[in-house]
Every structure is written in structure tokens, then in C-alpha cells.
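Peer 1: This is a predicted model, with the sequence first.
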Amino acid sequence: MNKLQLSVLSLFFIMLAAFPLSAKDFNSSIENAREAYQAENNLEAFQSLRESIFSLWDDIPLTVLNAKLVKDHNNYISKDSNVYSAGEPIYIVCQVVGYKIEKTNSLNHITIATDLHVLDPEGNILMGKKNFGSFDFVSPFPNTEFKMDLTYTLSGAPPGKYLLETVLRDKNSNKTTEFVKTIKIEK
């Protein structure tokens, strides 16, 4: 089993553990997936598991998974450290789940706004920017995989440790979440 398959299974079992098995459609699709898997019909098993995810999707809180500092937004190679020079771009990639998928005509919309807060190590806000980013994704298919690329640049920041707090706001619902990445600026 490769890393992608393990990640998908891990996410599925996290969601499974977080929500009781009480919904009839959820239990039914899980049973269908089990039967299809045992019959070695992996495509049908996958489709049934996907149905089970959609049966509880709206009840999942807006959540950021796997937020990491990367060298760039082309190859997504993890950065070896959290140390930057002043003015050097800070690239972050993360996976977002639990957003509301807004259906309009035949299209599915995901709309996320982000705010940025730069804090000192004690948690005091040094700077903030509301609506720092806006992410709109439109697809003819409902999508439970949403990757967000963020680029921050702290121009003129004196050397020191900073906390970058990113707040995500789902524009299709009232769901919000945040995550923090610690970085260090050197001369």
C-alpha cells in the first residue's frame, strides 16, 4: 500500500472514529464497500466508501491536515528547517477538509477566505491582515480533496521567532479553523 492509499485510509478512519455509526445510509454504504472489497471489486468498494464520506461530510468540522513548510509550490518538497531570511518567501501547503460544498446549478463550489496573524512567541499579535487570501474552486463533481498553497513574505521583519497563524473561513458556511506555523527570521 502506497503513502497516498494510507493517507486516504487514515482520513477515512479518523472520520469514522469521530462520528458514530448511526446513519442508515452510512452503515449501508460501509457494508456495500466491505462486500465489494471481499468480492475483489475495488472500484465498487471505492465508490461505496466515497458515498459514506459524503453521507457525513457536512458534519465534519472545517479542519486543516498536513500543513507543512515547503521549498516551493512546484515540487512540494518539505523545507529542512523553519529558518528564513527577511523578505524570503515562506511557502506553506495544507489539505483542507470539512468545508461546505455549495451546489449551484450543475457546479460544486468550495470558497475559503484566509486571514493572517503574525504573533511573537508569547502570542501577542504583531500584525494582522483580514482576507489575506481567497480560494475558489469550482468543479462539476463534489470534491473532498482541497489543497491550499499559501505564500507569506515578512519583509523588514527583524530577526527573531514568529508564529504565523492562518485563519480559514468557509464562505459557504459559518465554519472556521486555524493553524499555526512557527518560523525564525535570521539576518
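Peer 2: Done, it's in.

Peer 1: which residue ranges form the strands in this structure?
Peer 2: 63-70, 83-85, 89-97, 102-104, 107-119, 125-139, 146-153, 160-170, 176-186 (DSSP state E).

Peer 1: how about these, which one is nearest Ser55?
Peer 2: Set against Ser55 and scored by CB to CB, these come closest in strand 89-97, at 14.8 Å. Where you see a C-beta, it was placed from the backbone N, CA and C, and this is true even at glycine.

Peer 1: And for that closest one, what's in contact with it?
Peer 2: Strand 89-97 is contacted by residues 11, 60, 62-73, 76, 79, 84, 112, 144-154, 164, 166, 168, 179, 181, 183 when judged by CB atoms under 8 Å, 6 or more residues apart in numbering.

Peer 1: Check which residues of that strand are buried.
Peer 2: 90-97 (16 or more other CB atoms under 10 Å).

Peer 1: same check, this time on stretch 25-43
Peer 2: So for stretch 25-43, counting by 16+ other CB under 10 Å, buried means 26, 29-30, 32-33, 36.

Peer 1: ok, now stretch 52-59?
Peer 2: Buried residues in stretch 52-59 (16+ other CB under 10 Å): 52-53, 55-57.

Peer 1: The nearest residue to Val96 once chain neighbours are set aside and Ser106, how far apart?
Peer 2: Once flanking residues are discounted, Val96 sits nearest to Phe146: 4.7 Å by CB to CB, 6 or more residues apart in numbering. Separation of Phe146 from Ser106 (CB to CB, to the nearest Å) stands at 19 Å.
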